[in-house]
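Peer 1: please find the sequence and the predicted model below.
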Amino acid sequence: MTEPGRTTRAQRLAAPLARNMVKEVAAEHGACLRPIQLRRTDIDTGHVGQVLIPCGHTLASVCPPCAERARLLRAAQCREGWHLDHEPVMEPDPANDEQTARVADRAEAQADRDALVVEGLDTTDLDQRIGELDQRITDAGMRGTVLPARPRRHRSTRRRQDAAPLPRRPVSARTVGKTYTAPDGKTFRPSMFVTLTCPSYGRVCEDGAPADPDTYDYPHAARDTLAFAALFDRFIQNLRRFVGHDIQYFAAIEPQRRLAPHVHIAIRGTISRAELREVIAATYHQVWWPSTTDVKYDGGSLPVWDEHTGTYLDPDTGEVLPTWDQALDAISDQDEPRHVARFGRRFDAQGVLAGSPDASRCIGYLTKYLTKHLGNCHQAATDAQTAHAARLADALRYEPCSPTCANWLLYGIQPKNARPGLIPGCCKGKAHRREYLGYAGRRVLISRKWSGKTLADHRADRKAWLTGMLGLPATDPGRYSWEPVKPGDPDHMPTGQRLLHVVADRIQWQTALELARRRAAESELPATGRAA
């Protein structure tokens, strides 16, 4: 029996921990759990202040509030561009005098270099000069480069004999969908929600695990996953050529229960199911990489790095392995591609009207798993699912993921940009990590003219609406200079203090947001309906 006023050790351990409560309160208010501290200096007045900004992470396992805000922003971006009824204006700014002058200097340098090439003279000095001019062009605020960094390797564009024909139409610049008129005179502009999947690699059970793991085609599944992003790009290209206008899309990549990727696509405008079926059947992506049929080196005898030549050598003969470019040059027009990726025959397509419950439901599908890694979207609940994931990871481990992958050494080929220390099966590429399931591309694929805005533009629109409703003046970003606050600085805040500050800031922000919403609602009321 304890004395009055005293507690036992078990009672003390049962009490909530204050530090954890701070994190829980911060998460409850939607505040970042890993705020970044910056030092802001007013250039005009010299005043120095501390500012805490969100970390901006998109994974819920790292920072749930920031991940949720990122998901909601993507949902707003999808909603704004899906049923757009006007063409987005995306015209570049006219070039200024400085940019024009630098391009002219670049033109003269290129002409001088080409003249030296014709005469067979050395162009080292001019190459250095051209590199400096290209950097000046970038510094002047221009996008891209004047010339490609390296010449493109061309392959035959003749369609495969086993592929369905793809009719082509002249592609117009139109991006908005057609308007339809009902018998009652009401007009509407529908759009589409499409889901594409990979083909079958073997029969699977309801939990996604193969019914017969021995016959499941894991190598084919791994290669389809690695080429999935390129296959999707080819589908959009074919779709635009087929329908005859600039199709706009917002797509999200997710895994099915069998761990194969599939894509949900919000498409502006409508396309018939028959046309979609034709385009899917005619779409394929050929991977023109060296053959991986024969493994020349196993784990016990691998190529060795030669420091003098900067190349990999055969461990027995000392012969230099073919470089990546040499291996590509050895592929002739009579050879078959290493892999041909296609979509499965099954697909889903449905029409969606703006502002309908279906539109909100589809946007929820598109953004449902954006806060998770692909490998964490479906948790393994059975031994069969766990074994299936392990076998797929094993197939991806030794599958070359890119031209720079160390796994090319197994087939007697030096990876592109070879360097010492490359070990097959230990490539650090994202595709080989279990949480990515072989897909190393972007989770959200969006066309350039979807909404005519970037994510930064959407954030700026929200900020402008809030400050406008509250009557706050706009701030000049050039008025301040910013620098990170390091742990050793005297004004550095410990984690607990930063969390307390962001909770207070978040409460203040929520109050201001509620006030702005009330004012917005009042401004939409008719004059006779406003309170006196």
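Peer 2: In hand now; what should we look at?

Peer 1: do I have it right that Arg155 meets Trp289?
Peer 2: No - assessed by C-beta atoms under 8 Å, Arg155 is found out of contact with Trp289, at 11.4 Å. In this view, the C-beta of every residue, glycine as well, is placed from N, C-alpha and C.

Peer 1: how about the helices in this protein?
Peer 2: 9-14, 18-28, 64-82, 97-119, 124-139, 218-226, 228-243, 273-282, 324-329, 357-367, 383-397, 455-470, 495-523 (DSSP state H).

Peer 1: check those helices for me and report the most buried one.
Peer 2: Neighbour counts (mean count of other C-beta atoms under 10 Å) averaged over each of the helices of the chain peak at helix 218-226, with a mean of 22.

Peer 1: report the angle between it and helix 383-397.
Peer 2: Interaxial angle, helix 218-226 versus helix 383-397 (axes from the mean of the first three to the mean of the last three C-alpha atoms, to 10 degrees): 70 degrees.

Peer 1: avg pLDDT for helix 218-226?
Peer 2: For helix 218-226, the mean pLDDT works out to 96.

Peer 1: same check on stretch 475-486?
Peer 2: Stretch 475-486 shows a mean pLDDT of 87.

Peer 1: what's the answer for stretch 259-268, then?
Peer 2: Averaged over stretch 259-268, pLDDT sits at 96.

Peer 1: please measure how far the first residue of stretch 392-403 sits from its last one.
Peer 2: Separation of the first and last residues of stretch 392-403 by C-alpha to C-alpha, to the nearest Å is 21 Å.

Peer 1: no, scratch that, I was asking about stretch 91-101
Peer 2: Span of stretch 91-101 from end to end, C-alpha to C-alpha: 21 Å.

Peer 1: and that stretch, how far from the chain's centre?
Peer 2: Its chain's C-alpha centre and that of stretch 91-101 lie 30 Å apart, by C-alpha atoms, centre = their mean, to the nearest Å.

Peer 1: Arg155 and Trp289: which has the busier surroundings?
Peer 2: The residue with more neighbours, out of Arg155 and Trp289, is Trp289; 20 against 12, by other C-beta atoms under 10 Å.

Peer 1: quick one on the thing from earlier: need the helices of the chain in JSON lines with distance to Cys377, can you?
Peer 2: Shown next, in JSON lines, are these (distance: least, C-beta to C-beta, whole Å):
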{"stretch": "helix 9-14", "distance to Cys377": "35"}
{"stretch": "helix 18-28", "distance to Cys377": "22"}
{"stretch": "helix 64-82", "distance to Cys377": "14"}
{"stretch": "helix 97-119", "distance to Cys377": "45"}
{"stretch": "helix 124-139", "distance to Cys377": "39"}
{"stretch": "helix 218-226", "distance to Cys377": "14"}
{"stretch": "helix 228-243", "distance to Cys377": "15"}
{"stretch": "helix 273-282", "distance to Cys377": "24"}
{"stretch": "helix 324-329", "distance to Cys377": "34"}
{"stretch": "helix 357-367", "distance to Cys377": "12"}
{"stretch": "helix 383-397", "distance to Cys377": "12"}
{"stretch": "helix 455-470", "distance to Cys377": "22"}
{"stretch": "helix 495-523", "distance to Cys377": "29"}
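
Peer 1: closest to Pro261 out of the ones you listed?
Peer 2: helix 228-243 (4.9 Å; C-beta to C-beta).

Peer 1: run through the neighbouring helices and strands of the closest one.
Peer 2: Here helix 228-243 touches strand 249-255, strand 261-267, helix 273-282, strand 285-287, strand 339-341, going by 3 or more C-beta pairs under 8 Å, 6 or more residues apart in numbering; DSSP states H and E.

Peer 1: again, only this time at 6 Å
Peer 2: Using 3 or more C-beta pairs under 6 Å, 6 or more residues apart in numbering; DSSP states H and E, the elements in contact with helix 228-243 are helix 273-282, strand 285-287.

Peer 1: between those, which gets nearest to Phe188?
Peer 2: Among the helices and strands packed on helix 228-243, helix 273-282 sits nearest to Phe188 (C-beta to C-beta), with 19.2 Å.

Peer 1: could you check the angle that closest one makes with helix 228-243?
Peer 2: Counting by the same axes, to 10 degrees, helix 273-282 lies at 130 degrees to helix 228-243.

Peer 1: got the helices and strands packed on helix 228-243 as TSV, with distance to Pro484 and mean pLDDT columns?
Peer 2: Listed next are these as TSV, based on distance: least, C-beta to C-beta, whole Å; pLDDT from 0 to 100:
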stretch	distance to Pro484	mean pLDDT
helix 273-282	49	94
strand 285-287	42	94
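
Peer 1: can you add distance to Gln379 and give these back as JSON lines?
Peer 2: Output for the helices and strands packed on helix 228-243, formatted as JSON lines (distance: least, C-beta to C-beta, whole Å):
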{"stretch": "helix 273-282", "distance to Gln379": "31"}
{"stretch": "strand 285-287", "distance to Gln379": "31"}
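
Peer 1: who wins for proximity to Gly208 among those?
Peer 2: Using C-beta to C-beta, the helices and strands packed on helix 228-243 put helix 273-282 closest to Gly208, at 22.5 Å.

Peer 1: in this structure, what secondary structure element scores lowest on mean pLDDT?
Peer 2: Lowest mean confidence among the helices and strands of the chain (mean pLDDT, DSSP states H and E): helix 9-14, at a mean of 73.

Peer 1: so how far is Thr382 from the residue nearest to Ala354 when sequence neighbours are not counted?
Peer 2: In space, Ala354 comes closest to His83 once its chain neighbours are excluded; the distance is 3.6 Å by C-beta to C-beta, 6 or more residues apart in numbering. Separation of His83 from Thr382 (C-beta to C-beta, to the nearest Å): 42 Å.

Peer 1: give me the distance from stretch 332-346 to the chain's centre.
Peer 2: On C-alpha atoms, centre = their mean, the centre of stretch 332-346 falls 25 Å from the chain's centre.

Peer 1: quick one: mean pLDDT over that stretch.
Peer 2: Across stretch 332-346, pLDDT averages out at 91.

Peer 1: how about residues contacting it?
Peer 2: Residues from elsewhere that reach stretch 332-346, judged by C-beta atoms under 6 Å, 6 or more residues apart in numbering: 156, 196-199, 223-224, 227, 231, 280, 284-289.

Peer 1: circling back: more crowded one of His83 and Thr382?
Peer 2: His83 (21 against 12).

Peer 1: pLDDT score for the more buried one?
Peer 2: 90.

Peer 1: what pairs with Gln286 across the strands?
Peer 2: Gln286 has these beta-bridge partners by DSSP bridges: Val340.

Peer 1: and it, how far is that from Val304?
Peer 2: Taking C-beta to C-beta, one finds Gln286 at 33 Å from Val304.

Peer 1: tell me which of these two has more neighbours.
Peer 2: The residue with more neighbours, out of Gln286 and Val304, is Gln286; 17 against 12, by other C-beta under 10 Å.

Peer 1: give me every residue that touches the residue lying closest to Cys78 once chain neighbours are set aside.
Peer 2: Excluding its sequence neighbours, the residue lying closest to Cys78 (C-beta to C-beta, 6+ apart) is Phe250, at 4.7 Å. By C-beta under 6 Å, 6+ apart, the contact set of Phe250 is 78, 266, 446, 450.
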